[in-house]
Each structure stands twice: as structure tokens, then as C-alpha cells.
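Enquirer: From the sequence below, what's the structure:
(one chain, ligands or ions: 3)
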Amino acid sequence: MAQEVRGVVAPGRNEPVRVETVVVPDPGPGEAVVQVQACGVCHTDLHYKQGGISDDYPFLLGHEAAGVVESVGEGVTDVAPGDFVILNWRAVCGRCRACLRGRPWYCFDTHNARQKMTLTDGTELSPALGIGAFAEKTLVAAGQCTKVDPAVAPEVAGLLGCGVMAGIGAALNTGAVGRGDSVAVIGCGGVGDAAIAGARLAGAARIIAVDINDAKLATARAMGATHTVNSTADDPVEAIRDLTGGHGADVVIEAVGRPETYRQAFYARDLAGTVVLVGVPTPEMKLELPLLDVFGRGGSLKSSWYGDCLPSRDFPMLIDLHLQGRLDLGAFVTETIALDQVEHAFDRMHTGDVLRSVVVL
Ligand SMILES: NC(=O)c1ccc[n+]([C@@H]2O[C@H](COP(=O)([O-])OP(=O)(O)OC[C@H]3O[C@@H](n4cnc5c(N)ncnc54)[C@H](O)[C@@H]3O)[C@@H](O)[C@H]2O)c1
Ligand SMILES: [Zn+2]
Ligand SMILES: [Zn+2]
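Expert: Ligands and ions are numbered 1, 2, ... in the order given. The predicted model follows:
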């Protein structure tokens, strides 16, 4: 029996989001229905609403979620009704060329539910990142459910489902930050702050936070930055070099997604250092760099997709570290809101005083 629940739908390009009745089918083979308990509001949800991702309206928004598995379809053995899970957008296939080479975090054929959720008139919904969790219940592929310790609060756990994992993973997985490294993070929103928290976890000796907003820099310090640079007042490349004995940082993480901040990252790293691009650029952006500098400075220039995370490996580990008091995931939750306040949360993103608004159901 399909169920009717409330969910937040983006009806068309730049139209305000609406709470609508969503029809959730029973789980088919390999699928699960999850009762959503909390779902963070991510920039990507706003990009969907604005048409920056695709034109497949209407979207069912929300993708940073935690909840309890309600029912599973045929053949599902990894999760069972009653399991507390974080939803992920990397249910790996196990058969693509990345998976077969033992690099499943790059999986090129990740799974989503096969059936569609719809509006009551039968209009098919496109769930954001194959999740759609600003809803009381959602239908996903069972592999999108990662079991974690239920002792963690859902509004905290859900954040690992996207932005916070992207940031922590940019430092730990992509940047491979190690004990004693110097790290600079450009852009200190939720993703950049998570990269700072990840660098601290990895034992970085020096963590330099760069932003254009002093309030963001104050939060970055609380997350573990040892030094801060306001790049509207000081040249960030020079400042980072000054703070690293004149050399530049071992790892520079770009968490804005713009050519000018990428260029800063490129020149603010030490010779043979690493640049990690976790910020997402838009299609019209171009980067120009002297090829001789690309060669002569050596090292590696990497992009970080979803923090190169493997949900089954990383989510339970990071939740355990949180529960042990070694990683303060709660610090990313600025406010909890109701389902009908998502539009308001989008407005608050521009004021710069929110790391994460989290819808609690
Ligand atoms: N790679 C991934 O898998 C992944 C996943 C989630 C989000 N993201 C991307 O990460 C980026 C950051 O996301 P967020 O949620 O932290 O966004 P956010 O808007 O909360 O944070 C961006 C921060 O950058 C700062 N900033 C803006 N312009 C700057 C500049 N010129 N120099 C220095 N700082 C500047 C802002 O003040 C803000 O603190 C976005 O591009 C987002 O799309 C990537
Ligand atoms: Zn695969
Ligand atoms: Zn997201």
C-alpha cells in the first residue's frame, strides 16, 4: 500500500518551495522506505530550486538526512525495519570499473530507488540526489541507508549525509592530511569548517582558516583553526606563506568553488603540496594558470567528490568519534526548523550566520 506523507517540493525554476502531499510506494526489490527524523538544508537544495542542477521539476528536496527504516523490499539483507540510518548518495554498485579496481568511493554507477515517488495526481517527483528527505518518509535504494549507532541525535547524524562528510573527507580522504601537516582552508561555511574539523582530527599542526566574513572566521576557530585570515583585509597567499615559514601549506582545501579562490589555493601551498577542490564551480567559470607553474610547483591537484567517502566505512566511524567527544558534529547545527520553514532557511543562507538549518520531523 502506497502511503501519503508531507514533503517539500520545488515546483519550478526559482518558484518558492511548497509543502505538498507526496505518495510513497511500498519498497520494491532492493528498496527501503525510511521514516525521516531530520534533514539538513544544503546549498545543493537551493541549486535544485534555482535550476542549477537540472530541469527535472518538480523536485522533492532534502538529502542530508537520518531516520529509521520502516520497511524493506525483496532481497534486502543489509538493513532491516527499525534500524537507525544515515541516508547517503553513494550506494556503490560493486561492478563498475572503479568498484572492481577496489576504489568504490569513486563508484560510477551508484544506486537509487527504481520506483518513483509522486504527487497525488501522479506527477513523478525527482528526489534531490536520489534521496528527497524533506518528507516524513522517503523511498531509497537500500544501499543508501547506512546503519550507525542510534545513540546520536538524528539532527546531528543527518549532516554526515552530505556537506559535513564532504568537508571532513576532503581533509581526511582526498587531502590525506597527516599528523604535523600545515593545512589552509579557503571558505569557512559548513563544508570548510568540516574540513577544519577533519584536519584537526588528523593531527594537523597548523590550520589556517580563510574567509571574507569575520563571523565565519570566529566559528572556524571554534572548529579547530589555529590561525585566521580575512582575505578582504590581507592577501591570503602571502598570509598563508607567512604563517608557514614562508613556504605555503602542505594541503590547501578550496571550499568556495571559484576561480579566484582556486588560484589562491594553488599558490598558497608548499612545493609538492596538495590542493583539494571541494567547492563546486558553475559552468561558466574558467581557470587560467601558467602551465610552467603547474609543472614547477609539482604535487597534486585533486577534486573531492562527496569527500571521497565510502559511507559504510566513514559514517559509523565518524559517529563513534562524535559520541566519544572527539568530533563535535553538534557544532554544525545552527537551528532546527519545521518542514514548512525550508524557504526561510534558504533566505538565511545568504545572511551568512547559519552553518546548517536542520528540519526536524
Ligand atoms: N564536493 C562535494 O561533494 C560538495 C558537497 C557539498 C557541498 N559542496 C560545495 O562546497 C561549497 C561550500 O559549501 P557550504 O555549504 O560550506 O557553503 P557556504 O555558503 O555555507 O560557505 C561558503 C563560505 O565561503 C565564504 N566565501 C565566499 N567567497 C569567498 C572568497 N572569495 N574567499 C574566501 N571565502 C569566501 C563565505 O563567506 C562562506 O563562509 C559549495 O560550493 C558547495 O556546493 C561540495
Ligand atoms: Zn561502482
Ligand atoms: Zn548537500
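
Enquirer: And for His47, the neighbour number?
Expert: Residues near His47, counting by other CB atoms under 10 Å, number 15. Just so you know, the C-beta spots here come from the backbone N, C-alpha and C atoms, and that holds for glycine as well.

Enquirer: Three-state assignment for it, please.
Expert: helix (DSSP: H, G, I helix; E, B strand; the rest coil).

Enquirer: Just the pLDDT for the residue nearest to it when sequence neighbours are not counted.
Expert: Among residues not flanking His47 along the chain, Ile53 sits closest, at 5.2 Å (CB to CB, 6 or more residues apart in numbering). pLDDT recorded at Ile53 is 89.

Enquirer: Surely Ile53 touches Thr44?
Expert: Yes. Counting by CB atoms under 8 Å, Thr44 is a contact partner of Ile53 at 7.1 Å.

Enquirer: Looking at these two, which is more packed in?
Expert: Taking neighbours as other CB under 10 Å, Ile53 and Thr44 compare with Thr44 leading, 20 against 16.

Enquirer: check contacts around that one.
Expert: Going by CB atoms under 8 Å, 6 or more residues apart in numbering, Thr44 touches 53, 63, 128-129, 162.

Enquirer: how does it look with 10 Å?
Expert: With contact set as CB atoms under 10 Å, 6 or more residues apart in numbering, Thr44 has these partners: 52-53, 61, 63-64, 89, 128-129, 162-163, 166, 280.

Enquirer: Which members of those residues occur in helices, if any?
Expert: 163, 166 (DSSP state H).

Enquirer: Which of the contacts of Thr44 fall in strands?
Expert: Among the contacts of Thr44, the ones falling in strands (DSSP state E) are Glu64.

Enquirer: Whichever of the contacts of Thr44 end up buried, select them in PyMOL.
Expert: The following PyMOL line selects those of the contacts of Thr44 that are buried, judged by 16 or more other CB atoms under 10 Å:
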select buried, resi 53+61+63+64+89+128+129+162+163+166+280
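
Enquirer: So which of the contacts of Thr44 is the closest to Glu288?
Expert: Minimum separation from Glu288 among the contacts of Thr44 (CB to CB) is found for Val280, which lies at 19.5 Å.

Enquirer: follow-up on the earlier one: contacting residues around the residue nearest to His47?
Expert: By CB under 10 Å, 6+ apart, the contact set of Ile53 is 44-47, 59, 126, 128-129.

Enquirer: Can you give me the domain assignment for the protein?
Expert: Under the assignment automatic domain parsing, the domains of the chain span 3-161+328-360, 167-304.

Enquirer: Okay, now the first one: how far is its last residue from its first?
Expert: Distance across domain 3-161+328-360, first residue to last, is 20 Å (CA to CA, to the nearest Å).

Enquirer: is ligand 2 contacted by that domain?
Expert: Yes. Legend: contact between domain 3-161+328-360 and ligand 2 by CB under 5 Å from the ion is shown at 92-93, 96, 99, 107, 109.
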